[in-house]
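Undergrad: I'd like to go over a predicted model; first the sequence, then the structure.
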Amino acid sequence: SFPVQVWEIDNYGSPLTFTPPSSLAGEVQSTESEIFKDVDVRAAEEFERQVGLSEGALLAVSIAMAVVGLVCICLGIPMLTSPRCLNWMRPNAPERMDDKRAYKLDKLLEQKKHVFELEKVVEAHAITTD
């Protein structure tokens, strides 16, 4: 006779043990029925045929998609909504257009000053022109 552990626990949390009768000591009984195992295998094959992926592959794809989704939500959205990126996505914003106009007006003013100075030099006959 030998002690066998079962899946029940006693009041103290330790597994229960029992000694089988001597007539059953040589036999080992399986707790898993072949009928239910066959049903599980058939169900897994039917699932794989319907979905096109085994349960393990479907689980791996689901976990990968969840990780990618979390990365997009946790990193991508905050980056896209940052002021720096929003400013980059608004090339025709009013403040930018005002800055562009001011830059162009400053360039025009510099060119007019340059032309005005050249005209003064020509009038003073400091430069000969054809």
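TA: Received it, and whenever you're ready, just let me know what you need. Numbers count the residues shown, from 1 in each chain.
Undergrad: ok, how many other residues are close to Glu48?
TA: A count of nearby residues for Glu48, using other C-beta atoms under 10 Å, gives 15. Every residue, glycine included, has its C-beta placed from N, CA and C.
Undergrad: actually Phe116, not the one I wrote
TA: Neighbourhood size, Phe116 [other C-beta under 10 Å]: 10.
Undergrad: May I see the buried residues of whichever strand or helix holds it?
TA: Using DSSP states H and E, Phe116 sits within helix 94-123. By 16 or more other C-beta atoms under 10 Å, helix 94-123 has no buried positions at all.
Undergrad: mind starting the numbering at 21 from now?
TA: Yep, numbering from 21; the last one is helix 114-143 now.
Undergrad: For stretch 82-97, report the contacting residues that lie outside it.
TA: Outside of stretch 82-97, no residue comes within contact range by C-beta atoms under 8 Å, 6 or more residues apart in numbering.
Undergrad: In this protein, what helix or strand scores lowest on average pLDDT?
TA: strand 24-29 (a mean of 58; mean pLDDT, DSSP states H and E).
Undergrad: Show me the shaky parts of this protein.
TA: For the chain, the stretches flagged by pLDDT under 70 are 21-29, 35-57, 149-150.
Undergrad: how near is the residue of it positioned farthest from its centre to Phe136?
TA: Distance from the C-alpha centroid of the chain, by C-alpha atoms, centre = their mean, peaks at His145 (72.7 Å). Computed as C-beta to C-beta, to the nearest Å, the His145 to Phe136 distance reads 17 Å.
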